[in-house]
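Chemist: Need the 3D shape of this:
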Amino acid sequence: MDASNSTPDQENDGKQQPSALPIVCEKDNSQELSDHSPPSFAFPTARLVGLYRRLRESCVSKHIDGQKLEQSNQILNEAGTHLLKERDGLQLRHDKQLSRLRFFEQALESSRGRLTRLLDVVDSVSSASRCYV
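Modeler: Okay, the predicted model is just below:
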């Protein structure tokens, strides 16, 4: 075939080329699409644009939900870290109080033993002094 007299379809020997659909901005509506495209493509193009918009809205809302979940997760992680620090501080305070309590119990036991021995000495001296009177 002569290249100057052939059509683009004939030059490609039956190879199918992608159809030249107009690139659509999100602000375009289906009426504008039908004005720029052949009538046979108007409905399928409008349908594709509608599907694209729904898909995009779904993705955007899921992305926003994902961001909200990430923010909530971050807040919870920070709260958890704060609570762990607070727990560790309270545990340390509790351990110190237990240590002091054991020290006071030992001191009380020691004082009780000395007081008992002192009272025994006082009783024995008082008993001995009665015997002499």
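
Chemist: so who does His82 touch?
Modeler: Counting by Cβ atoms under 8 Å, 6 or more residues apart in numbering, His82 touches no other residue. All C-beta spots, glycine's among them, are computed from the backbone N, C-alpha and C.

Chemist: With Leu115 instead?
Modeler: Leu115 touches nothing, counting by Cβ under 8 Å, 6+ apart.

Chemist: For Leu108, see how far away it is.
Modeler: Counting by Cβ to Cβ, to the nearest Å, the separation of Leu115 from Leu108 is 10 Å.

Chemist: Check His63 too.
Modeler: With Cβ to Cβ as the criterion, His63 and Leu108 are 67 Å apart.

Chemist: What of Ser127?
Modeler: 28 Å.

Chemist: just Pro39 next, same as before
Modeler: Using Cβ to Cβ, we find Pro39 at a distance of 102 Å from Leu108.

Chemist: Out of these two, name the residue with the larger neighbour count.
Modeler: Neighbour count, other Cβ atoms under 10 Å: between Pro39 and Leu108, Leu108 has more, with 10 against 7.

Chemist: For that one, pull up the helix or strand it's in.
Modeler: helix 39-132 (DSSP states H and E).

Chemist: What is the neighbour count of Phe43?
Modeler: Count around Phe43 with other Cβ under 10 Å applied: 13.

Chemist: Next one, pLDDT for it please.
Modeler: Model confidence at Phe43, given as pLDDT, is 86.

Chemist: now Lys62
Modeler: 90.

Chemist: again with Ala79
Modeler: What the model reports as pLDDT for Ala79 is 97.

Chemist: In contact with it, which residues?
Modeler: Ala79 sits in contact with no residue, where contact means Cβ under 8 Å, 6+ apart.
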